[in-house]
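Asker: Sequence and predicted structure below; questions after.
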Amino acid sequence: MTETPTVTSGIEVRQLAGNIGAEITGVDTSVPLDSGTVGEIRRALLAHKVVFLRDQPLTYATQVAFARRLGDLVSGHPIFAAPAERPYLREIDSAKGTRANHWHTDLTFVDRPPAFLLLHGVVIPPVGGDTIWANSVAAYEGLPGELRELADRLRIVHSNDSDYTDATMAAGRDDYISRIFEAEHPAVHVHPETGERALLLGGFARRVPGLSPQASRDLIRVLQEHATTPEYTVRWSWREGDLAIWDNRATQHYAVYDYGTRHRRCERVSVAGGVTTGVDGRPGVMVRGDASSYYAGPA
């Protein structure tokens with residue numbers, strides 16, 4: 001049997017900001033890569049939390065093939081149907097009212113949010129449309145000691161009916177709450193690969209069990225504002241063909257909506273994640289909704 005050829009790349013990793021982000025060069029993710037190169041990409045991703053590769057000539061098939069080298073895949077989205085014959089794809093398309101101009105960690109309203117996400121720039125406006133990522137590990141480490149101890153003990157319910165949803169509905173996407181999902185996660189979870197502690201917050205964070213609505217909002221706001229301090233961030237200016245890969249377990253991100261009526265379209269594929277685990281060992285749990293079909297992937 002003839003083995004599938006692999007390509008060994010002269011990979012280079014260049015750090016972009018003090019606490020997060022790196023650009024990887026010397027790699028073409030549209031072709032089969034040797035395990036050593038994939039391992040280097042994974043190590044860079046875990047170290048820098050988000051990595052960027054320019055000029056990646058990806059199709060749906062090759063993006064899926066590369067993503068599978070990082071782990072099993074989940075369906076495109078737990079709520080929205082994927083495009084025909086592309087079941088792993090989530091289209092981020094401004095022409096369809098899809099925006100993400102709110103700080104968030106992807107899909108924390110389910111108990112097993114994705115581990116990694118791969119976003120390919122297909123149509124990029126000539127001006128605007130940058131994305132900002134924040135390092136949730138560095139943010140946790142930067143918390144004042146007493147606040148860090150409090151965060152270690154907190155649990156937070158995340159819901160798709162949230163502040164993020166309000167922004168989505170303002171863009172004409174009221175179908176986002178056609179099905180309600182809620183999951184309770186630790187406010188600080190332990191990263192399953194690095195062992196680092198990371199804040200788990202973002203726009204889907206809804207309430208703290210046992211606290212009043214006002215107290216919940218105030219406490220989440222204090223932690224969230226700290227987590228997105230500029231010193232913990234990196235900003236990426238997109239070009240068509242760019243591929244961004246981020247560790248969803250260690251980041252938040254914000255897609256800047258400053259391109260008006262210009263078209264912006266990216267394509268996302270998601271690598272499966274596990275149940276979150278708190279500092280005390282307690283797992284995240286589903287509170288409302290059934291996401292089993294999302295985890296199972298396409299039929």
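Answerer: Noted; the coordinates are in hand.

Asker: Can you give me the distance of Gly97 to Ala17?
Answerer: 31 Å (C-beta to C-beta, to the nearest Å). The way it works is simple: take the backbone N, C-alpha and C, and place the C-beta from them, glycine included.

Asker: and the two? which has more neighbours close in?
Answerer: Under the neighbour definition other C-beta atoms under 10 Å, Gly97 and Ala17 were set side by side, and Ala17 has more, 17 against 14.

Asker: My read is that that one contacts Tyr232, right?
Answerer: No: taking contacts as C-beta atoms under 8 Å, Ala17 lies outside contact range of Tyr232: 9.0 Å.

Asker: Who are the contact partners of Arg217?
Answerer: Residues in contact with Arg217 (C-beta atoms under 8 Å, 6 or more residues apart in numbering) are Arg207.

Asker: That one looks like it's in a helix, true?
Answerer: Yes: Arg217: assigned to a helix according to DSSP: H, G, I helix; E, B strand; the rest coil.

Asker: List of residues touching the helix or strand where Val157 lies?
Answerer: Assigned by DSSP states H and E, Val157 belongs to strand 155-159. Residues from elsewhere that reach strand 155-159 (C-beta under 8 Å, 6+ apart): 108-109, 165, 180-187, 200-202, 204-209, 220, 278, 282, 287-288.

Asker: what pLDDT, on average, does that strand get?
Answerer: In this model, strand 155-159 carries a mean pLDDT of 98.

Asker: Kindly report the same for stretch 196-203.
Answerer: The model assigns stretch 196-203 a mean pLDDT of 98.

Asker: Tell me, what's the model's pLDDT at Glu3?
Answerer: For Glu3, the predicted pLDDT is 40.

Asker: wait, I meant Asp93
Answerer: On the pLDDT scale, Asp93 gets 93.

Asker: out of everything not next to it in sequence, what's closest to Asn101?
Answerer: Among residues not flanking Asn101 along the chain, Tyr257 sits closest, at 3.9 Å (C-beta to C-beta, 6 or more residues apart in numbering).

Asker: My guess is that neighbour contacts Arg99. True?
Answerer: Yes: counting by C-beta under 8 Å, Arg99 is a contact partner of Tyr257 at 5.3 Å.

Asker: neighbour-wise, which of these two wins?
Answerer: The neighbour comparison of Tyr257 against Arg99 (other C-beta under 10 Å) goes to Arg99, with 19 against 16.

Asker: Count the residues that sit near Ala22.
Answerer: Ala22: 19 neighbours (other C-beta under 10 Å).

Asker: List phi and psi for the residue lying closest to it once chain neighbours are set aside.
Answerer: Excluding the flanking residues, the one nearest Ala22 by C-beta to C-beta, 6+ apart is His48, at 3.9 Å. Note on His48: its backbone torsions stand at phi -100, psi -10 [degrees, to the nearest 10].

Asker: Could you do Val13 as well?
Answerer: Taking degrees, to the nearest 10 as the convention, Val13 sits at phi -120, psi 120.

Asker: For it, give the beta-bridge partners.
Answerer: Ile24 (DSSP bridges).

Asker: ok, it touching Ala22?
Answerer: Yes: here Val13 lies in contact with Ala22, judged by C-beta under 8 Å, at a distance of 5.1 Å.

Asker: Which residues are in contact with each of these two?
Answerer: Ala44, His48, Val51.

Asker: rewinding a little: how far does the strand holding Val157 sit from the chain's center?
Answerer: Centre-to-centre, strand 155-159 and its host chain are 17 Å apart (C-alpha atoms, centre = their mean, to the nearest Å).

Asker: With stretch 249-265 instead?
Answerer: 12 Å.

Asker: now do the same end-to-end measure for it.
Answerer: End-to-end distance of stretch 249-265 (C-alpha to C-alpha, to the nearest Å): 24 Å.
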